[in-house]
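J.: test case, fold it:
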Amino acid sequence: MRRIVLALVFVLAAATSSSAADLKKEPFSPERFAALQAQGELVLLDVFASWCPTCAEQQKILSAYRQEHPDVKLHILEINFDTDKQWVRQFRAPRQSTLILFRGPQQLWYSVAETRPDVIVAALTEGARRR
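T.: You can find the predicted model right below:
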């Protein structure tokens, strides 16, 4: 029941928030990714395409998560599905809308086309707890 309530909160927050375009992300670079991993940071690789409706839904959820958890230090590195094919292959992303969560060098979560707010929020929350 708690998950359902949380999911509804995040859906409503996403619907009423400023646009997902406000979501703070950085372009992926192997240097930045390696530096964040070396620091033990929480990093979400977002294999994204601007034309992808599933990606747009994910962006709303991520934006709502950031608004609801401003204290969580989450770095989102965007891998452009159309132009960053080397990284798409390296991270074995079968399609756009792939999300991969790391804490330091450890991969914590891997998801393809996930748009259930409770699932995404649970993965990010669990990742934030790990140190």
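J.: strands of the chain, start to end?
T.: Listed in chain order, the strands of the chain (DSSP state E) span residues 26-27, 42-48, 74-80, 98-103, 106-112.
J.: save those strands as JSON lines, and put in mean neighbour count too.
T.: For the C-beta atoms, the positions are set from N, CA and C on the backbone; glycine is no exception. Formatted as JSON lines, the strands of the chain follow (neighbours: other Cβ atoms under 10 Å):
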{"stretch": "strand 26-27", "mean neighbour count": "12"}
{"stretch": "strand 42-48", "mean neighbour count": "23"}
{"stretch": "strand 74-80", "mean neighbour count": "19"}
{"stretch": "strand 98-103", "mean neighbour count": "22"}
{"stretch": "strand 106-112", "mean neighbour count": "15"}
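J.: save those as TSV, and put in mean pLDDT and distance to residue 62 too.
T.: Below are the strands of the chain laid out as TSV (pLDDT from 0 to 100; distance: least, Cβ to Cβ, whole Å):
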stretch	mean pLDDT	distance to residue 62
strand 26-27	97	13
strand 42-48	98	8
strand 74-80	98	7
strand 98-103	98	9
strand 106-112	98	12
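J.: mind putting those in JSON lines, distance to residue 125 included?
T.: Below are the strands of the chain laid out as JSON lines (distance: least, Cβ to Cβ, whole Å):
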{"stretch": "strand 26-27", "distance to residue 125": "22"}
{"stretch": "strand 42-48", "distance to residue 125": "11"}
{"stretch": "strand 74-80", "distance to residue 125": "10"}
{"stretch": "strand 98-103", "distance to residue 125": "11"}
{"stretch": "strand 106-112", "distance to residue 125": "11"}
